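Trainee: Need coordinates for the following:
(one chain, ligands or ions: 1)
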Amino acid sequence: QSGEVAANPEQYDESYLCPVQVGQTTLNLDFDTGSADLWVFSTLTPKSESTGHSLYNPSTGTKKSGYTWDISYGDGSGASGTVYADKVVVGGVTATSQAVEAATSVSSQFEQDTDNDGLLGLAFSSINTVEPQAQKTFFDSVKGSLAKPLFTADLKKGAAGTYDFGYIDSSKYTGSISYVNVNTANGFWEFTASGYAVGSGSVSGSVGDAIADTGTTLMYLPTTVVQAYYNKVDSADYDSNQGGYTYDCSENLPNFLISLGGKTFTVSGTDINFAPVDSSGETCFGGIQENTGIGMSILGDIFLKSVFVVFDQTQSTPRLGFAAQ
Ligand SMILES: NCc1ccc(-c2ccco2)nc1
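Mentor: Predicted structure coming up:
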């Protein structure tokens, strides 16, 4: 089988939500290559936390008795609950008995984002949080039945993009795809990024260890790289109150270039201009921020909306393919 599903941006491209059939209900889920749990708002979620969300009704599934899950994300959000086996359909691709993690508790960030009905993890199943036994991601459940064991991400700035499962649509990118091998030891689509440049500078240095993470909004890079970037933005400053670099919204940001698998990709300055910090629209928060305390760099949606990405398990070593859009 193979299929395609729309990835619809929230305001400021904060995250991208995709329609997924879970049991007999269609939910809008955040496809997250940085985690490995498929969890959903459900009829088991307290009403005080689920108002405004579409809900999975576990009555259509088979309860996995004694199984629980509890996940925390890098942004401090989280959720927990119980586990069911049910049908999940993404763009026509069907997992007949997918582990569906029904939330019995969600954090305030999820409670408040009423467009988001849960997450569909696309990292490696080794980091699934279900106890007493880790469960397969949707991709792992279906990959043996896909035309090719791969999926692609084609996210866009302020417009609907797509995730494709089982095939590479050559109309979605230009030029050739350059591949890097993935290290799965931490359960992420983790690889080594090479040199970088700011604006018209020449590519040099090294970004280093990084993950491709559709579930993270921004790009988080080494301090040295981030300082080199904002040194080229006259009004930029590190604002501890905002928790990152801000600048005058009227300023044009430089492009950021990064070398992956021998090819250089350009993230346009306009894509790096993330969002105003308040309703005055005077000060803006940058899409490139420091990776301090994270332990690796994160190439999130700010980067991913500039490229076409292949999450490829066709070989014994998984790999990532990058091409210009
Ligand atoms: N990188 C995982 C992730 C994804 C989404 C969210 C989130 C919080 C509120 C709405 O969405 N948090 C973490």
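Trainee: so how far is residue 164 from the residue nearest to residue 317 when sequence neighbours are not counted?
Mentor: Nearest non-adjacent residue to residue 317, counting by CB to CB, 6 or more residues apart in numbering: residue 181, 5.2 Å away. For the C-beta atoms, the positions are set from N, CA and C on the backbone; glycine is no exception. According to CB to CB, to the nearest Å, residue 181 and residue 164 sit 22 Å apart.
Trainee: Wait, the residue nearest to residue 317 touches residue 190, no?
Mentor: No - the pair residue 181 / residue 190 is not scored as a contact, 10.0 Å apart, by CB atoms under 8 Å.
Trainee: Show me which of those two is the more surrounded one.
Mentor: residue 190 (23 against 14; other CB atoms under 10 Å).
Trainee: Show the contacting residues for the more buried one.
Mentor: Contact partners of residue 190, counting by CB atoms under 8 Å, 6 or more residues apart in numbering, are 182-184, 209-211, 296.
Trainee: distance of it from residue 280?
Mentor: For residue 190 relative to residue 280 (CB to CB), the value is 39 Å.
Trainee: what does this protein put close to the ligand?
Mentor: 15, 30, 32, 34-35, 73, 75, 77, 109-110, 113, 116, 119, 215-216 (CB under 6 Å from any ligand atom).
Trainee: Just flag the most distant two among those residues.
Mentor: Farthest apart among those by CB to CB are 34 and 113. That separation is 16.8 Å.
Trainee: Specify which residue of the two has the higher count of neighbours.
Mentor: residue 34 (22 against 18).
Trainee: just checking, the more buried one touches residue 213?
Mentor: Yes - Residue 34 is within contact range of residue 213, at 3.6 Å (criterion: CB under 8 Å).
Trainee: okay, and the common contacts of these two?
Mentor: 188, 298.
Trainee: elements contacting the helix or strand containing residue 162?
Mentor: Using DSSP states H and E, residue 162 maps to strand 159-165. With contacts defined as 3 or more CB pairs under 8 Å, 6 or more residues apart in numbering; DSSP states H and E, the packing partners of strand 159-165 are strand 3-9, strand 150-156.
Trainee: Quick one: end-to-end distance for stretch 210-223.
Mentor: By CA to CA, to the nearest Å, the extent of stretch 210-223 from end to end equals 14 Å.
Trainee: For that stretch, what does the pLDDT average out to?
Mentor: Taken as a whole, stretch 210-223 has a mean pLDDT of 99.
Trainee: do stretch 69-82 as well
Mentor: Mean predicted confidence for stretch 69-82 is 98.
Trainee: Quick check: buried residues in it?
Mentor: 69, 71, 73, 77, 79-82 (16 or more other CB atoms under 10 Å).
Trainee: Export the helices and strands packed on strand 159-165 to CSV and append columns for mean pLDDT and mean neighbour count.
Mentor: Below are the helices and strands packed on strand 159-165 laid out as CSV (pLDDT from 0 to 100; neighbours: other CB atoms under 10 Å):
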stretch, mean pLDDT, mean neighbour count
strand 3-9, 99, 18
strand 150-156, 99, 23
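Trainee: can you give me the helices in the chain?
Mentor: Using DSSP state H, the helices of the chain run over residues 47-50, 108-112, 138-142, 223-230, 269-272, 301-304.
Trainee: Contacts for the fifth one next, please.
Mentor: Same thing as helix 269-272. So helix 269-272 is in contact with 157, 219, 252-256, 286-288, 302, 305-306, going by CB under 8 Å, 6+ apart.
Trainee: what do you get for the fourth one?
Mentor: Contacts made with helix 223-230 from outside it, assessed by CB under 8 Å, 6+ apart, are listed as 196, 198, 205, 207, 221, 236, 238, 245, 247, 254, 256, 286, 288-292.
Trainee: buried set for that helix?
Mentor: Within helix 223-230, judged by 16+ other CB under 10 Å, the buried ones are 225-226, 228-230.
Trainee: again, but for the fifth one
Mentor: Burial within helix 269-272, assessed by neighbour count using 16+ other CB under 10 Å, is assigned to 269, 271-272.
Trainee: Tabulate these in JSON lines, adding columns for pLDDT and distance to residue 323.
Mentor: Shown next, in JSON lines, are the buried residues of helix 269-272 (pLDDT from 0 to 100; distance: CB to CB, whole Å):
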{"residue": "269", "pLDDT": "98", "distance to residue 323": "21"}
{"residue": "271", "pLDDT": "98", "distance to residue 323": "16"}
{"residue": "272", "pLDDT": "98", "distance to residue 323": "20"}
